[in-house]
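Asker: build me a structure from this.
(2 chains)
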Amino acid sequence: MSDREEKPPLGSWARLYGLLVAELVLMIALCAAIASYRG
Amino acid sequence: MTPLDWVVLFGTLLCFVGYGLWRSRGERGLDDFLVAGRAMPWPMVALSVMATQASAITFLSTPGQGFADGMRFLQFYFGLPLAMIVLCVTAIPIYHKLRVFTAYQYLEERFDGKTRSLAAGLFLLQRGLAVGLTIYAPSLVLSVVLGWDIRVTCALLGGLAVAYTAFGGSRAVSHTQALQFTIILATMLVAAVLIVLSLPKGLSFGDATAAAAVLGRLNALELKFDPNDRYNLWSGLIGGFFLQLSYFGTDQSQVGRYLTGRSVAQSRLGLIANGLLKIPMQFAILGLGVLVFVFYLFVTPPLFFQPEASARMSAGAAGTQWTALEARYATEATDRTKSLEGWLWARRQRDDAATAAARGRLLADQHRLTATRGEAVALIKATDPKAPTSDTNYVFLSFVLAHLPAGLVGLVFAAIFAASMNSTAAELNALTSTTVVDVIGRLRGRREGQAHAGDAPARGGGLLGPRLVTVAWAGFAVLFAEYASRLGSLIEAVNILGSLVYGTILGIFLTAFYVKRVGGTAVFVGALVAEAAIVGCFAFTEIAFLWYNLIGCALVVGVSLALSAWLPRARAPRSA
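Answerer: Sure, this is the predicted structure:
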């Protein structure tokens, strides 16, 4: 199958890259929340 | 280890090798041997890429770091998802379009032969030595914990990996990695569940998290910018981005893995899956270490987790002092447990004053324990200045041996062996590709008068040569590993060698991708200048190594751009 025929999940590569960035932002936010927790 | 553990360990290892050899059948040619026939679907690419990066020392050292230093190491990976995007957009389409076997072939297409040779040479030097350490580091830990001669563990780790890598090449490596990495992750998950079940009854997840937080183990983010601090948000995002870009974009051990993708889309999806899974995976492994730390808040931990050094100290001239330190440490650990229980009780009563007072006592107890451990390390050093003073790599295995059930102990050891085989196999295959394509193929092509020598090896049908090259690299790696302990400071030098060359290699590739008006000679001189500057930074400054990647890369691009104004271009880029 050629690359042109292969549709990426979510419909476009830009959306997949956006998903990567969104996950990174969420992970950093999670780390910030964890690091600010003092028990 | 019980007999059941030995059966599980050797049974699992034999299965891995057998599976690799079975997957080697029907090997058809160099395309199959070096890039698995470019036929892999994205889940295989993702597992292979992740397995290559996660060596045995990742699974030994990361939980130990979580135990001793908390979650801060996680920030090291923050640049990885961003690097995956850049590689998906730029490198993968170019490598696929040119149908290269190695990343360095592209440099001859884009620049010239000397730039390709420089990058391939730096890779062979750095990775050729580092593969020895990929075998040596876990061999050292396993030999100490299992009581084996280190030469046996080195030969076993190297021998297992080369058995299927030499026969089956890249295809066997990818299939075996997928199986091994799945088993490793499953084993780690089971270990994590058992650690949680080992915690005292009545201790909630909230209590465990609060205890880890108050004792400084949830330090997952540091916002303060400090170029000398190894792990903070900025070094992870910026320095880490350039490091991961270099590792995944220009290191053949990784490029060789995603070149196995059956199309641009499949290779891209493999890298995107890696970008999505890597940080959560490291989070979980560091979390495993934090759980072990919480476990040892209720059970007295060893004074020093490296069992050989501890036994030597007990039986040596300073034995009385050591025993006294151990007794004091045990008393202080019991005091800490009582203070922790008092703090947890006050916290549940929502009594702020009592909670604050109990917290002060807990922190004071922790401080005393840390000081006693510091005395123990100083005593080890005073007794034998050459003795190891870090026990981070032994924390997890020490816990596994002492507290996990029979059978699972063998499986954890098999997982550590598998992790070592994973990375060693991929590195051996990458060294073989670069030697066969960028050294032998290029020389053969030049002799035959070819303009672009990279295609030469693809025409050769036989696999005997590449197999012999794999065996030769494995032999060198095992020999280097076996003699590594006698090489002393050279081990450290090899460890930092990657940081010293990655920035330069990345600079060459980024110039190739994005700065079209720079020619071969300009980038070659730029790379030499950048490498000299990085060595200067290492020798004369305190700058943390993650920043070397950015500095080296920026210097290559900057110097080559400046030079390109007056140096003639040897050749216009043919493609990409």
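Asker: list the buried residues for the helix or strand containing B:Ala357?
Answerer: Using DSSP states H and E, B:Ala357 sits in helix B:352-383. By 16 or more other C-beta atoms under 10 Å in any protein chain shown, the buried positions in helix B:352-383 come out as B:355, B:358-359, B:361-363, B:365-366, B:368-369, B:372-373, B:376-377, B:379-380, B:383. Yep, even glycine has a C-beta here, placed from its N, CA and C like the rest.
Asker: for B:Cys20, the count of nearby residues, please.
Answerer: Not quite, residue B:20 is Gly, not Cys. If you count neighbours by other C-beta atoms under 10 Å in any protein chain shown, B:Gly20 ends up with 26.
Asker: ditto for B:Phe205
Answerer: A total of 9 residues lie near B:Phe205 under the criterion other C-beta under 10 Å.
Asker: ok, it to B:Ala211 distance?
Answerer: Going from B:Phe205 to B:Ala211 by C-beta to C-beta, to the nearest Å gives 11 Å.
Asker: same check, this time on B:Leu303
Answerer: Here B:Leu303 is placed at a distance of 21 Å from B:Ala211 (C-beta to C-beta).
Asker: next: B:Ala565.
Answerer: Look at B:Ala565 and B:Ala211: by C-beta to C-beta, they are 61 Å apart.
Asker: so between these two, which is more surrounded?
Answerer: Between B:Ala565 and B:Ala211, counting by other C-beta under 10 Å, B:Ala211 is the more crowded of the two (22 against 9).
Asker: which residues touch the residue most central in space within chain A?
Answerer: Among the residues of chain A, A:Leu20 comes closest to the average C-alpha position under C-alpha atoms, centre = their mean, at 2.3 Å. Remark: with contacts taken as C-beta atoms under 8 Å, 6 or more residues apart in numbering or on different chains, A:Leu20 is in contact with B:81-82, B:84-85, B:272, B:275-276.
Asker: check B:Met50 too.
Answerer: By C-beta under 8 Å, 6+ apart, the contact list for B:Met50 reads B:181, B:274, B:277-278, B:281.
Asker: which bits of chain A sit near chain B?
Answerer: Residues of chain A found near chain B (C-beta under 8 Å from any C-beta of the partner chain) are A:1-3, A:6, A:8-9, A:13, A:16-17, A:19-21, A:23-24, A:27-28, A:30-32, A:34-35, A:37-39.
Asker: rerun that using 10 Å as the cut-off
Answerer: Chain A has residues A:1-9, A:13-14, A:16-39 near chain B, with proximity defined as C-beta under 10 Å from any C-beta of the partner chain.
Asker: can you tell me which of those are in helices?
Answerer: When helices are assigned by DSSP state H, the members of those inside them are A:13-14, A:16-36.
Asker: what subset of those residues is buried?
Answerer: Buried members of those, counted by 16+ other C-beta under 10 Å: A:13, A:16-17, A:19-20, A:23-24, A:27-28, A:31, A:34-35.
Asker: could you pick out which of the buried residues of helix B:352-383 are near chain A?
Answerer: When those are checked against chain A using C-beta under 10 Å from any C-beta, the ones in range are B:355, B:359, B:362.
Asker: what's the closest of those residues to B:Phe538?
Answerer: Proximity of these to B:Phe538 (C-beta to C-beta) peaks at B:Leu362, which lies at 41.0 Å.
Asker: in stretch B:270-278, what's buried?
Answerer: Residues of stretch B:270-278 classed as buried by neighbour count (16+ other C-beta under 10 Å): B:270-278.
Asker: near chain A, from those residues?
Answerer: B:271-277.
Asker: in CSV: those residues, plus pLDDT, distance to B:Pro227 and secondary structure.
Answerer: Below are these laid out as CSV (pLDDT from 0 to 100; distance: C-beta to C-beta, whole Å; DSSP: H, G, I helix; E, B strand; the rest coil):
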residue, pLDDT, distance to B:Pro227, secondary structure
B:Leu271, 97, 29, helix
B:Ile272, 97, 31, helix
B:Ala273, 97, 33, helix
B:Asn274, 97, 28, helix
B:Gly275, 97, 26, helix
B:Leu276, 97, 30, helix
B:Leu277, 96, 30, helix
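Asker: just put these in JSON lines and tack on distance to B:Gly342.
Answerer: Compiled in JSON lines, these are given as follows (distance: C-beta to C-beta, whole Å):
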{"residue": "B:Leu271", "distance to B:Gly342": "50"}
{"residue": "B:Ile272", "distance to B:Gly342": "49"}
{"residue": "B:Ala273", "distance to B:Gly342": "46"}
{"residue": "B:Asn274", "distance to B:Gly342": "45"}
{"residue": "B:Gly275", "distance to B:Gly342": "44"}
{"residue": "B:Leu276", "distance to B:Gly342": "42"}
{"residue": "B:Leu277", "distance to B:Gly342": "41"}
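Asker: mind picking the two most distant members of those?
Answerer: Pairwise distances across those (C-beta to C-beta) peak at 11.0 Å, for the pair B:Leu271 and B:Leu277.
Asker: who touches both of the two?
Answerer: Residues touching both B:Leu271 and B:Leu277 (C-beta atoms under 10 Å, 6 or more residues apart in numbering or on different chains): B:46, B:49.
Asker: who in the stretch 351-500 of chain B is up against chain A?
Answerer: For the stretch 351-500 of chain B, the residues found near chain A under the criterion C-beta under 10 Å from any C-beta are B:355, B:359, B:362.
Asker: list just the nearest of the residues you listed to chain A.
Answerer: B:Arg359 (7.6 Å; C-beta to the nearest C-beta).
Asker: which secondary element of chain B has the worst mean pLDDT?
Answerer: The helix or strand of chain B with the poorest confidence is helix B:456-459; it has a mean of 51 (mean pLDDT, DSSP states H and E).
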